[in-house]
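[1] sequence unknown, structure follows:
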């Protein structure tokens with residue numbers, strides 16, 4: 001099965017779960033389900049060891065409080081990460097002139113804990129894992145004597161673990177403004193090669209910020 005087909009299958013499963021939650025709500029108990037659409041920005045965190053300079057995207061998640069103060073959720077997203085042209089991510093002096101970007105599709109599951117559940121605002125902690133599909137448009141210039149050419153970099157898929165906190169403020173009976181702050185680390189870094197030759201695995205660790213809207217169903 002090729003990467004494109006795996007992306008379609010994984011994305012289809014996650015969207016189906018999100019859609020079922022939004023359509024029926026309260027799948028695990030009588031409490032309403034929560035659907036959140038948010039924009040996200042990433043700040044990669046490894047200095048010149050990191051390939052990327054920044055990233056941005058959107059995330060759609062569905063959550064239910066199965067046994068308050070605990071909840072579980074699923075999510076799907078899409079993101080664009082831009083290469084840092086000053087990077088030395090692969091630690092090989094013959095590779096210079098890093099360029100390009102990567103399209104990322106994360107599929108995740110998360111566990112939540114409600115720290116504060118006030119009349120019109122909430123504070124939640126979360127942790128979860130994501131499987132990250134990667135579509136690379138990255139290239140490097142290979143300065144080896146017998147090459148002297150720009151070569152494409154192939155980046156495989158990855159698995160991430162994240163921890164974070166969310167603040168939610170009620171703006172209507174069934175709607176909240178939601179902000180989040182978190183950090184993600186690599187559980188499985190992405191296998192990487194250029195022109196068929198292995199390179200140092202690519203990392204997607206770093207801080208992220210998000211803001212969006214949550215709806216109750």
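    Sure, I can see it. Not measured: the values here are computed from a predicted model.

[2] and the residue nearest to the spatial centre of the chain, what helix or strand is that in?
    Centrality entry for the chain: nearest residue to the mean C-alpha point is residue 106, 4.8 Å, by Cα atoms, centre = their mean. Assigned by DSSP states H and E, residue 106 belongs to strand 95-117.

[3] how far out from the middle of the chain is that strand?
    Relative to the centre of its chain, strand 95-117 is centred 2 Å away, using Cα atoms, centre = their mean, to the nearest Å.

[4] per-residue confidence averaged over the helix or strand that that strand is followed by?
    Next helix or strand after strand 95-117 toward the C-terminus (DSSP H and E): strand 121-142. The average pLDDT within strand 121-142 is 97.

[5] Show me which residues of strand 121-142 are buried.
    Judged by neighbour count (16 or more other Cβ atoms under 10 Å), strand 121-142 contains these buried residues: 122, 124, 126, 128-134, 136, 138-140, 142. C-betas here are computed from N, CA, C, even on glycine.

[6] partner strands of the helix or strand following that strand, parallel or antiparallel?
    Per DSSP H and E, the first helix or strand lying C-terminal to strand 121-142 is strand 149-155. Sheet pairing of strand 149-155 (DSSP bridges) gives strand 121-142 (antiparallel), strand 190-194 (antiparallel).

[7] that older thread, got the contact list for the residue nearest to the centre of the chain?
    Shown in contact with residue 106 (Cβ atoms under 8 Å, 6 or more residues apart in numbering): 59, 75, 76, 77, 79, 130, 131, 132, 133, 160.

[8] please redo it, this time with the cut-off set to 10 Å
    10, 14, 40, 57, 59, 75-79, 129-134, 158-160, 162, 184, 204 (Cβ atoms under 10 Å, 6 or more residues apart in numbering).

[9] Narrow these to those in strands?
    40, 57, 59, 75-79, 129-134, 158-160, 162, 184 (DSSP state E).

[10] the bottom helix or strand of the chain by mean pLDDT?
    helix 3-24 (a mean of 54; mean pLDDT, DSSP states H and E).

[11] wait, is residue 31 part of a helix?
    No: checked against DSSP: H, G, I helix; E, B strand; the rest coil, residue 31 lies outside a helix; its state is coil.

[12] Now it, what are its backbone angles?
    Backbone geometry at residue 31, expressed as degrees, to the nearest 10, gives phi -70, psi 150.

[13] so which strand or helix has the closest residue to it other than its chain neighbours?
    Among residues not flanking residue 31 along the chain, residue 65 sits closest, at 5.3 Å (Cβ to Cβ, 6 or more residues apart in numbering). Using DSSP H and E, residue 65 falls within strand 52-67.

[14] Could you tell me which other helices and strands that strand packs against?
    helix 3-24, strand 34-44, strand 70-83, strand 95-117, strand 121-142, strand 206-216 (3 or more Cβ pairs under 10 Å, 6 or more residues apart in numbering; DSSP states H and E).

[15] what's the closest of the ones you listed to residue 152?
    The closest of the helices and strands packed on strand 52-67 to residue 152 is strand 121-142. By Cβ to Cβ, the value is 5.3 Å.

[16] That closest one relative to strand 52-67, how many degrees between them?
    With axes from the mean of the first three to the mean of the last three Cα atoms, to 10 degrees applied, the angle from strand 121-142 to strand 52-67 works out at 150 degrees.
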